[in-house]
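>>> Below are the sequence and a predicted model; questions follow.
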Amino acid sequence: QSRQESPEERPQFPGASAEFAERLEFIQPNVLAGIPVYRVMDRQGHVLRPSEDPQLPKEQVLKLYKTMTLLNTMDRILYESQRQGRISFYMTNYGEEGTHVGSAAALDASDLVFGQYREAGVLLYRGYPLELFMAQCYGNASDPGKGRQMPVHYGCPERHFVTISSPLATQIPQGDAPGAGPDPVPCPRDPISGHFGAAAPGSGTRAGGPGGRKAPDPRGFFPGSHPVFPAAARGPGYGLLSIRVDGNDVFAVYNATREARRRAVAENQPFLIEAMTYRCGGRESPQKTPFSRGFPPKTPFPMDFSPLSRIGHHSTSDDSSAYRSVDEVNYWDKQDHPISRLRHYMANRGWWDEEEEKAWRKSSRKMVLEAFEQAEREPKPPPRLLFSDVYLEMPPRLRRQRAELERHLETYGEHYPLQQFQK
Amino acid sequence: GQTQKMNLFQSITSALDNALAKDPTAVVFGEDVAFGGVFRCTVGLRDKYGKDRVFNTPLCEQGIVGFGIGIAVTGATAIAEIQFADYIFPAFDQIVNEAAKYRYRSGDLFNCGNLTIRAPWGCVGHGALYHSQSPEAFFAHCPGIKVVIPRSPLQAKGLLLSCIEDKNPCIFFEPKILYRAAVEQVPVEPYNIPLSQAEVLQTGSDVTMVAWGTQVHVIKEVAAMAQEKLGVSCEVIDLRTILPWDTETVCKSVAKTGRLLISHEAPLTGGFASEISSTVQEECFLNLEAPISRVCGYDTPFPHIFEPFYIPDKWKCYDALRKMINY
């Protein structure tokens, strides 16, 4: 019998199942920094290993492609509209389109998604209409969110997408919750997805996150050239099954999400998927954003961010000098982009060609512009909606404040932009 | 001495520059401060003072403040930036349970008085729930920290330098809407404006009006309106330090005028105006000619599209003043 086998020779500390060591040696923290990146396609859209091709039907692949490109078109138009002062703020999804649709396609439509703020492609894949994206950005009377939040803070219970909030990583412990508790929510709704972005890995709330049951976490981002902690490498430290995937490869994202979902439900444990995308360019010089949106006159909201792992700027509070060239196909090809990769895959199969690309480009742009113009024309919600939904029931004091405002507007209404709002 | 035209963010940079030059232990840190900061408050500082003194932190407010406390405890000067006051709440435990109580709980054996936390604050026209908040009331309820809010570049530099040099942990809220809009001639050399001293901007005899930060400019305009339309003479006070606040200046003024209007963007219930109002009615009860008036944000989160209706603008302040005069 070896010395190690007798009880006194093994560590008796609760939770420790290791052996003693007689050599002083520190564990390297970056031993997992070289986690390989799972991919299915090469940059020309060729599937490298046939077994990894999810073999999605043509219709679904076209839907993936059209969702990504429609999102991109919507992004361009809304980004530009912010520069022109027509909406107050915007965040693009450039470069992340593949992670949105890849993960959305792999989830069930009823899986509850807790996003960060850059997951519009998930909602778009689930059929959220352009009109409602625009309505929220314009804060007009059609906005189901009642004009309460800055643009891009979408939400939709019917499509199982929890309304976005600005604070970072707050959705992670929240996303962990469904499925915990004595009687978990019945199966179709169990899998939930907490997406988080580049900055989140540093956040303290991440430590409070995945650890509960049935919580696949299909997407995390690693900011390419910023030495923030890699998400996938931290997964094992949290006791999570983790994988790093090529975020520019829709099928890689799809496969990883699909498998994580299947196993999360079957094995009752959370998963961490880190989808890598490329950083593009450096930080352009900051510029003022002149805009005026009526009353009261606003000063520019200057936030100058280094772009991290996404292609665009953090938000429109960044500078205005980097409007992308119209020739986006060349740009995407140069940069290795999820859209171009999928397009190559489709072209390789004869599912797409230049003519269809041109026609789709034209019609999708038309759809976006129509929705946009419509949203711009619509009035804002009635000012009394400022007061509701603080609680389920309106406290008497708040009711009095609402009445105060109504009286105030009777006398001083000329000084307020009432003509832009419904009565 | 020599002055230079500076806007609010430039006056902050100037204060930080002075602090880093004067105090070899001073360090400036926070999210994105290295390249100059999202509001450009730290432009040029890393180039001038080096990466060991001006550096980025991970995105973790709890960590930023905790780290700042640690530095301050060793005796070095920590100047921490929280990117928006709306995001200060993960650091609330560190501020309230640690920074504020460090000296008291140790019997003055330890302290983190060398800590200053800066954060952009207040409405900006379209910031909505998470880029517009004025959270001073949460911190006013916490003995052990100081809370300071400047109204202008000249004030900001002097007050920030005083916070940095003050031997107690300080929170310095910077009105973000004024970062570019407010411009003044500001001395290039360091200077101090005392903490816990309110400033009477304009003397008057009929009404006292108290505000801080951006709202000071609103009540100044209301004072002019009152004089012109009602022939009413207003005394305008910038409180400047929320905690510990200058009760003497405010009470002395109300004892003279008999009427008080307090205004802030933050919601009415539990807002700092309630503390001022309560103290003044204790000290000046017999002087009061009318109930104290508070013109504040409503008891809701800060809305996006409804901002023009939400904020305590000059018309609401003017109307409240008129009612007080006619009481």
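Here it is on my side, so go on.
>>> ok, which residues in the stretch 51-200 of chain A are in contact with chain B?
Where proximity means CB under 8 Å from any CB of the partner chain, the interface of the stretch 51-200 of chain A facing chain B comprises A:88-89, A:139-140, A:147-150, A:153, A:165-168, A:199-200. C-betas here are computed from N, CA, C, even on glycine.
>>> From these, which land in helices?
When DSSP state H defines the helices, the subset of these inside them is empty.
>>> neighbour-wise, which of those residues leads?
Comparing these by number of neighbours (other CB atoms under 10 Å in any protein chain shown), A:G139 comes first, having 29 neighbours.
>>> There's contact between that one and A:F89 in this structure, I believe.
No - with contact defined as CB atoms under 8 Å, A:G139 does not reach A:F89; the gap is 10.5 Å.
>>> Common neighbours of the two, please.
Both A:G139 and A:F89 are contacted by A:P151, under the criterion CB atoms under 8 Å, 6 or more residues apart in numbering or on different chains.
>>> ranges for the strands of the chain?
You didn't pick a chain, so chain A it is. Along chain A, the segments classed as strands by DSSP state E run A:37-38, A:112-114, A:192-194, A:216-220, A:241-246, A:271-276.
>>> that's the wrong chain, I meant chain B
Along chain B, the segments classed as strands by DSSP E run B:3-7, B:27-30, B:54-56, B:78-81, B:115-121, B:146-148, B:170-175, B:183-187, B:199-202, B:207-211, B:234-238, B:241-243, B:260-267, B:293-297.
>>> Just put the ones you listed in TSV and tack on distance to chain A.
Formatted as TSV, the entries for those read as follows, by distance: least, CB to the nearest CB, whole Å:
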stretch	distance to chain A
strand B:3-7	10
strand B:27-30	12
strand B:54-56	9
strand B:78-81	13
strand B:115-121	10
strand B:146-148	22
strand B:170-175	11
strand B:183-187	12
strand B:199-202	22
strand B:207-211	17
strand B:234-238	19
strand B:241-243	23
strand B:260-267	10
strand B:293-297	10
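>>> would you turn those strands into JSON lines with distance to B:N287 and mean pLDDT?
Written out in JSON lines, the entries for the strands of chain B read as follows (distance: least, CB to CB, whole Å; pLDDT from 0 to 100):
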{"stretch": "strand B:3-7", "distance to B:N287": "40", "mean pLDDT": "98"}
{"stretch": "strand B:27-30", "distance to B:N287": "45", "mean pLDDT": "98"}
{"stretch": "strand B:54-56", "distance to B:N287": "50", "mean pLDDT": "97"}
{"stretch": "strand B:78-81", "distance to B:N287": "42", "mean pLDDT": "98"}
{"stretch": "strand B:115-121", "distance to B:N287": "32", "mean pLDDT": "98"}
{"stretch": "strand B:146-148", "distance to B:N287": "27", "mean pLDDT": "98"}
{"stretch": "strand B:170-175", "distance to B:N287": "31", "mean pLDDT": "98"}
{"stretch": "strand B:183-187", "distance to B:N287": "35", "mean pLDDT": "98"}
{"stretch": "strand B:199-202", "distance to B:N287": "17", "mean pLDDT": "98"}
{"stretch": "strand B:207-211", "distance to B:N287": "10", "mean pLDDT": "98"}
{"stretch": "strand B:234-238", "distance to B:N287": "13", "mean pLDDT": "98"}
{"stretch": "strand B:241-243", "distance to B:N287": "24", "mean pLDDT": "98"}
{"stretch": "strand B:260-267", "distance to B:N287": "10", "mean pLDDT": "98"}
{"stretch": "strand B:293-297", "distance to B:N287": "15", "mean pLDDT": "98"}
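>>> A:Q28: which of the ones you listed is closest?
Counting by CB to CB, A:Q28 lies closest to strand B:54-56 out of these; the figure is 24.2 Å.
>>> what lines up beside the closest one in the sheet?
Strand B:54-56 has the following sheet partners, assigned by DSSP bridges: strand B:27-30 (parallel).
>>> circling back: mean neighbour count and distance to B:S253 for the strands of chain B - can I get that in CSV?
Rendered in CSV, the data for the strands of chain B read as follows (neighbours: other CB atoms under 10 Å in any protein chain shown; distance: least, CB to CB, whole Å):
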stretch, mean neighbour count, distance to B:S253
strand B:3-7, 15, 30
strand B:27-30, 23, 37
strand B:54-56, 19, 41
strand B:78-81, 28, 33
strand B:115-121, 29, 25
strand B:146-148, 25, 20
strand B:170-175, 26, 23
strand B:183-187, 17, 25
strand B:199-202, 16, 7
strand B:207-211, 29, 4
strand B:234-238, 25, 5
strand B:241-243, 23, 16
strand B:260-267, 26, 8
strand B:293-297, 23, 14
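>>> Looking at those, which is nearest to B:S106?
Counting by CB to CB, B:S106 lies closest to strand B:115-121 out of the strands of chain B; the figure is 15.0 Å.
>>> same for the closest one, what does it pack against?
Packed against strand B:115-121 by the contact rule (3 or more CB pairs under 8 Å, 6 or more residues apart in numbering or on different chains; DSSP states H and E) you find helix B:61-73, strand B:78-81, helix B:153-165, strand B:170-175.
>>> Tell me which strands it pairs with, and in which orientation.
strand B:78-81 (parallel), strand B:170-175 (parallel).
>>> hang on, the earlier thing: next, format the strands of chain B as JSON lines and append distance to A:E414.
As requested, these are arranged in JSON lines below (distance: least, CB to CB, whole Å):
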{"stretch": "strand B:3-7", "distance to A:E414": "32"}
{"stretch": "strand B:27-30", "distance to A:E414": "43"}
{"stretch": "strand B:54-56", "distance to A:E414": "48"}
{"stretch": "strand B:78-81", "distance to A:E414": "41"}
{"stretch": "strand B:115-121", "distance to A:E414": "30"}
{"stretch": "strand B:146-148", "distance to A:E414": "37"}
{"stretch": "strand B:170-175", "distance to A:E414": "27"}
{"stretch": "strand B:183-187", "distance to A:E414": "30"}
{"stretch": "strand B:199-202", "distance to A:E414": "28"}
{"stretch": "strand B:207-211", "distance to A:E414": "24"}
{"stretch": "strand B:234-238", "distance to A:E414": "24"}
{"stretch": "strand B:241-243", "distance to A:E414": "35"}
{"stretch": "strand B:260-267", "distance to A:E414": "22"}
{"stretch": "strand B:293-297", "distance to A:E414": "19"}
